[in-house]
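K.L.:
Kindly return the folded structure for what I paste below:
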Amino acid sequence: DFIYANAMSTLAVGKVRYGLMLNELGVIIDDGVCARLGDDHFLVGTSSAGAERIADWLEEWLQCELIDYDVLVAPVTTSWAVVTLTGPRARELLLALGADFPVGEESFGHMSFRQGTVAGIAARVFRVSYTGETSFEINVSTAQAALLWDKAMAIGAPWGVTPVGIDAWNLLRL
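P.N.:
Predicted structure coming up:
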């Protein structure tokens, strides 16, 4: 709650919330999603370019101002890679990739996450949407990202799966 404009302490385990990060003057310094992985375990997501800066900022606050807080900041950005499935057939592709957890709208609603395997790879899957379309952000170890990508492209080929980069998303959102 200290680093966001909105409360994260009320976020249920298994859910995700969008948040604005503020500095001590109340100025927005970053944004992203926060997932509650457990009662006392949160995954703080920042903008792509902000991860290192925000980790340093959190560590400075913990060492200089919030010394009584029992918090550990562990930057994990380089340990994870994300492959996002988005569009009207994203759910079908996730199923075809062999997700070992329910992916239906009722069981895996917007702004939630699941842990399990996708394409036989350990994954955290976030049901968030940067595009406005149904989307699943599949987080896997960086060592497994290329394998997941190749499987998604091969299985999705008959449906016309097309890779789209962040620049295209930004333009399409305009």
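K.L.:
Tell me where the model's unsure across the protein.
P.N.:
Across the chain, the ranges flagged by pLDDT under 70 are 169-170, 172-174.
K.L.:
how about the helices in it?
P.N.:
51-64, 90-96, 145-156, 166-173 (DSSP state H).
K.L.:
mind checking which of these is nearest Gln115?
P.N.:
Gln115 lies closest, by Cβ to Cβ, to one member of the helices of the chain: helix 90-96, at 14.1 Å. Heads up, the C-betas are built off the backbone N, CA and C, glycines and all.
K.L.:
Which other helices and strands does that closest one contact?
P.N.:
Using 3 or more Cβ pairs under 8 Å, 6 or more residues apart in numbering; DSSP states H and E, the elements in contact with helix 90-96 are strand 135-141, helix 145-156.
K.L.:
got the buried residues for it?
P.N.:
Neighbour counts over helix 90-96 (16 or more other Cβ atoms under 10 Å) mark 90-94, 96 as buried.
K.L.:
about what we covered before: do you know which of the helices and strands packed on helix 90-96 lies nearest Thr117?
P.N.:
That would be strand 135-141 among the helices and strands packed on helix 90-96, by Cβ to Cβ, at 9.5 Å.
K.L.:
Tell me if I'm right that Gly38 and Val13 touch.
P.N.:
Yes. Assessed by Cβ atoms under 8 Å, Gly38 is found in contact with Val13 at 6.1 Å.
K.L.:
who has more neighbours, the two?
P.N.:
Taking other Cβ atoms under 10 Å, Gly38 and Val13 do not tie; Val13 has more neighbours (11 against 8).
K.L.:
which residue packs closest to the more buried one, ignoring adjacent ones?
P.N.:
Arg36 (5.1 Å; Cβ to Cβ, 6 or more residues apart in numbering).
K.L.:
which residues does that neighbour contact?
P.N.:
8, 11-16, 42 (Cβ atoms under 8 Å, 6 or more residues apart in numbering).
K.L.:
Next, count neighbours for the closest residue to Leu37 other than its chain neighbours.
P.N.:
In space, Leu37 comes closest to Leu43 once its chain neighbours are excluded; the distance is 5.6 Å by Cβ to Cβ, 6+ apart. For Leu43, the neighbour count with other Cβ under 10 Å is 17.
K.L.:
Bridged to Leu43, which residues?
P.N.:
Ala35 (DSSP bridges).
K.L.:
Correct me if wrong: it contacts Gly32.
P.N.:
No. Counting by Cβ under 8 Å, Leu43 stays clear of Gly32, with 10.0 Å between them.
K.L.:
Overlap in contacts, those two.
P.N.:
Common neighbours of Leu43 and Gly32 (Cβ under 8 Å, 6+ apart) do not exist.
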